[in-house]
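Undergrad: Sequence plus predicted model, see below.
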Amino acid sequence: MRAAAVRYGPILGLTLLGAVLRLPTLDRQSFWLDELVTRSLLDRGLGDVLHEIPRTEATPYLYYVVAWVWGQAFGLGEVGLRSLSALAGTATIPIAYGAGVVLASRRAGIVAAALVATSPFLVWYSQEARSYALFALLGATSVLTFGLALRGDRRWLAGWAVTCVLTLATHYFGVFLVGAEAVWLLVRLRPRLPVVLASLVPVATLLAHLPVLLDQRGNGEAVAGSSLAGRAAGIPKNLVVGYSFPLEAAGSVLAACLVVLGLVLAARLTPRERRGALAAGSLAAAVVLVPIVLAVLGWDYVIARNAIVAVVPAAVCVGAGFASRRLGIAAAALLCALCTAIAVVPAFDATYGRTDWREAAAAIGPTQVRRAVVVTPSMSRSLWRPYLPGLDEPHGAVAVVREIAVIGLATEGGYSAGHLEPPDVGAPKPVPGFRVVAVERRPTFTLVRYVAKRPTPVTIEALAGLALTDEQPGILLQGR
């Protein structure tokens, strides 16, 4: 019993830590735009979900099938939907431990698990109702089965093939991880025929998804106006310390120095452990670098969240280096402490969190009269329904309303890529017949209210002119 406690106690403790960072604060942030898309998609029959995925999504079916079943059992609220991702994120911790043990050493596995448990990037996506946490879990499992197969046990090739299929069925970017693993197995294992046969299974999976992938090819393109160089340069930082946090520059530099130390120590490992660390590091590098090369050639889908499966193999590589020296253990402890502090920030400071649609809807509130809502960024009534039901799209060029609510949300593309600031502008000049009755500025949005003495016709163009930012607003109608 004592031996089992010594052996498994650290990983159980780290898994508990990861669960504490992920589960209790699932409802502290509002759903952001992509999560509202998920909720809207899942709020219908499974057949309709499968029909809509090629039109609205940029990933395969697996996550949505699992999430639909999950939502039927636990509901479509923040906790209900996000708990699937939180459990997947928590389960990734012991899988990372196993991958570290197989590829390097038990101590490397413990350090890798600690890095995964406290990773701000993984915690963020463990609290998001999208496919990324499940993708990370399945990708980590493929790394574990890859490591077991690399040891020469052919039985694990079947397990590797199955996990590769599930990874690819969750996100197309799994091809970069799976492809790198296949290359390693083909180079290292003899005879090659079993490896070739195992590799044909994920290849067949990718080919089976080709029709839906072609349908979705325009859905996941990188956001226009964001340079490839900037996105590519930001990926390593995002994978280590997440998107944004107080004292971001200093924290990012400190984390980078600690990671570099881990890599230097990894280069001084024993030959066996160094080979394992190199294998893990090369997998992470392939996930990050190959899409950048393809983007230069014209296929640009480079964004940090698509590279989430790089985190676990990178943690194994760096963790192996940290585990080899006392200095490395101290550095790993410091990095984990830093990452823990960063990971909890969005739960307590909304300006480092997701676009706050929930509080914006609560501030607008219900109405007994006909009201126009002018919102930036634009939001459709179907997506905003969970927080602000009863909205209508305007029909025609004129709306007859008695109230106008103009709201501008603090946003950086829907997720934090910097400290969020709401529009800091004065109330736009009222349209004829209306007067300003309130201007409310909160950390995550600015709201201006206008009222008329009686129902008054207003053109949609005039309503759009009240927007608090330069982007095209959404125009919605509320009430009777």
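TA: Yep, it's here.
Undergrad: Restricting to C-alpha, output stretch 146-161 in PDB.
TA: Provided in PDB are the C-alpha atoms of stretch 146-161 (Å, rounded to 0.1, in the frame of the first residue of the first chain):
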ATOM      1  CA  PHE A 146       3.300   5.900 -30.100                       C
ATOM      2  CA  GLY A 147       5.800   5.700 -27.300                       C
ATOM      3  CA  LEU A 148       4.700   2.200 -26.400                       C
ATOM      4  CA  ALA A 149       4.800   1.100 -30.100                       C
ATOM      5  CA  LEU A 150       8.300   2.700 -30.400                       C
ATOM      6  CA  ARG A 151       9.500   0.200 -27.800                       C
ATOM      7  CA  GLY A 152       8.900  -2.500 -30.300                       C
ATOM      8  CA  ASP A 153       5.700  -4.100 -29.100                       C
ATOM      9  CA  ARG A 154       3.700  -4.500 -32.300                       C
ATOM     10  CA  ARG A 155       0.400  -4.900 -30.300                       C
ATOM     11  CA  TRP A 156       0.600  -1.200 -29.500                       C
ATOM     12  CA  LEU A 157       0.600  -0.400 -33.200                       C
ATOM     13  CA  ALA A 158      -3.100  -1.200 -33.200                       C
ATOM     14  CA  GLY A 159      -3.700   1.000 -30.200                       C
ATOM     15  CA  TRP A 160      -1.800   3.800 -31.900                       C
ATOM     16  CA  ALA A 161      -3.800   3.400 -35.100                       C
END
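Undergrad: now the most centrally placed residue in the chain: how far from residue 243?
TA: Centroid check for the chain by Cα atoms, centre = their mean gives residue 125 as the closest residue, at 4.0 Å. Distance, residue 125 to residue 243, by Cβ to Cβ, to the nearest Å: 11 Å. The C-beta positions use only the backbone N, C-alpha and C, and glycine is treated the same way.
Undergrad: does the residue nearest to the centre of the chain really touch residue 133, like I thought?
TA: Yes - applying Cβ atoms under 8 Å as the test, residue 125 and residue 133 come out as touching, 5.0 Å apart.
Undergrad: what touches both of the two?
TA: Common neighbours of residue 125 and residue 133 are listed as 85, 89 (criterion: Cβ atoms under 8 Å, 6 or more residues apart in numbering).
Undergrad: if I've got this straight, the residue nearest to the centre of the chain is in a helix?
TA: Yes - residue state for residue 125 (DSSP: H, G, I helix; E, B strand; the rest coil) corresponds to a helix.
Undergrad: show me what contacts it?
TA: Counting by Cβ under 8 Å, 6+ apart, the residues that residue 125 touches are 85, 89, 132-133, 136, 305, 308.
Undergrad: Now for the residues you listed: which two are most distant?
TA: The distance between the two most remote of these (Cβ to Cβ) is 13.4 Å, for 89 and 305.
Undergrad: Okay, and residue 466 sits in which element?
TA: Of the helices and strands defined by DSSP states H and E, none includes residue 466.
Undergrad: Pull up the gap between it and residue 375, please.
TA: Distance from residue 466 to residue 375, by Cβ to Cβ: 11 Å.
Undergrad: swap in residue 215?
TA: Distance, residue 215 to residue 375, by Cβ to Cβ: 30 Å.
Undergrad: And for residue 326?
TA: Residue 326 sits 55 Å away from residue 375, going by Cβ to Cβ.
Undergrad: returning to that earlier point: just the contacts of residue 125: which are in helices?
TA: Those of these mapping onto helices are 85, 89, 132-133, 136, per DSSP state H.
Undergrad: Most neighbours among those residues, which one?
TA: For these, the largest number of neighbours (other Cβ atoms under 10 Å) sits with residue 136, at 32 neighbours.
Undergrad: Spit out the contact partners of it.
TA: Contact analysis of residue 136 by Cβ under 8 Å, 6+ apart lists 88-89, 92, 122, 125, 308-309, 311-312.
Undergrad: Apply 7 Å and report the result again.
TA: Neighbouring residues of residue 136 by Cβ atoms under 7 Å, 6 or more residues apart in numbering: 92, 122, 125, 308-309, 311-312.
Undergrad: Greatest separation within those: which pair is it?
TA: 125 and 312 (12.7 Å).
Undergrad: that older thread, need the ones in helices among the contacts of residue 125 in JSON lines with pLDDT and distance to residue 206, can you?
TA: Output for these, formatted as JSON lines (pLDDT from 0 to 100; distance: Cβ to Cβ, whole Å):
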{"residue": "85", "pLDDT": "98", "distance to residue 206": "24"}
{"residue": "89", "pLDDT": "98", "distance to residue 206": "25"}
{"residue": "132", "pLDDT": "98", "distance to residue 206": "19"}
{"residue": "133", "pLDDT": "98", "distance to residue 206": "22"}
{"residue": "136", "pLDDT": "98", "distance to residue 206": "19"}
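Undergrad: Going by distance to residue 45, which of these wins?
TA: Within the ones in helices among the contacts of residue 125, the smallest distance to residue 45 is 22.6 Å, found for residue 85 (Cβ to Cβ).
Undergrad: so what's the closest one closest to, chain neighbours aside?
TA: Leaving aside its chain neighbours, residue 85 sits nearest to residue 133 (3.8 Å; criterion: Cβ to Cβ, 6 or more residues apart in numbering).
Undergrad: from memory the one you found sits against residue 88, does it?
TA: Yes - assessed by Cβ atoms under 7 Å, residue 133 is found in contact with residue 88 at 4.3 Å.
Undergrad: circling back to that earlier point, against residue 469, how distant is the residue nearest to residue 85?
TA: Distance from residue 133 to residue 469, by Cβ to Cβ: 31 Å.
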